[in-house]
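Trainee: Quick check, what structure comes out for this input:
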Amino acid sequence: MREWHSMHKEWDAFEASKKEVVVEKAKVVVLRAKLEADQANFETEVAQLAEACKQWKEICEKDNNEKRALRTDVNNLKAEIEKLKKEKADAEASRDEAHSYRERREQREVQTCATLALRNK
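Mentor: Presented below is the predicted three-dimensional model:
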């Protein structure tokens, strides 16, 4: 009887092990499905991140190009300002020279008139 009882216990243990295997296989199926879903989500996120990086690089490149263009404009404007300052200085020098010339000419005319007036007396 002991053998029967021992065999029955072993059989029960074997059946319990089979049930555990079935339960574990079911868990593995669920976990595998979750893993596949997680991998799909991960791949989607990787693709989204790659697209975001691409867009970020494009935005940076556009921004850099705009800054380069602005820097060029600023440098051109600085050069234009220097050119206008020189032209202004040249114009002021010419004006001052013309003013000085006119004053000298007026002085010569006054002297000439004075000389003629003295001669005519």
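Trainee: mind listing the helices for the protein?
Mentor: In the chain, the helices defined using DSSP state H lie at 2-120.
Trainee: contacting residues around the residue nearest the centre of it?
Mentor: The chain has C60 as the residue nearest its centroid, 3.4 Å off, counting by CA atoms, centre = their mean. C60 makes contact with no residue, according to CB atoms under 8 Å, 6 or more residues apart in numbering. C-beta coordinates here come from the backbone N, C-alpha and C atoms, glycine included.
Trainee: Sketch out the low-pLDDT regions of this protein for me.
Mentor: Along the chain, segments meeting pLDDT under 70 span 1-2, 4-5, 121.
Trainee: and with 90 instead?
Mentor: 1-14, 106, 108-110, 112-121 (pLDDT under 90).
Trainee: Can you tell me how far the residue nearest to the centre of the chain is from E66?
Mentor: 11 Å (CB to CB, to the nearest Å).
Trainee: Could you do A26 as well?
Mentor: Counting by CB to CB, the gap from A26 to E66 is 60 Å.
Trainee: Now for I59, how many residues are close by?
Mentor: For I59, the neighbour count with other CB atoms under 10 Å is 10.
Trainee: what's the spacing between it and Q48?
Mentor: I59 is 16 Å from Q48, by CB to CB.
Trainee: same deal with S100?
Mentor: From S100 across to Q48, the span is 76 Å (CB to CB).
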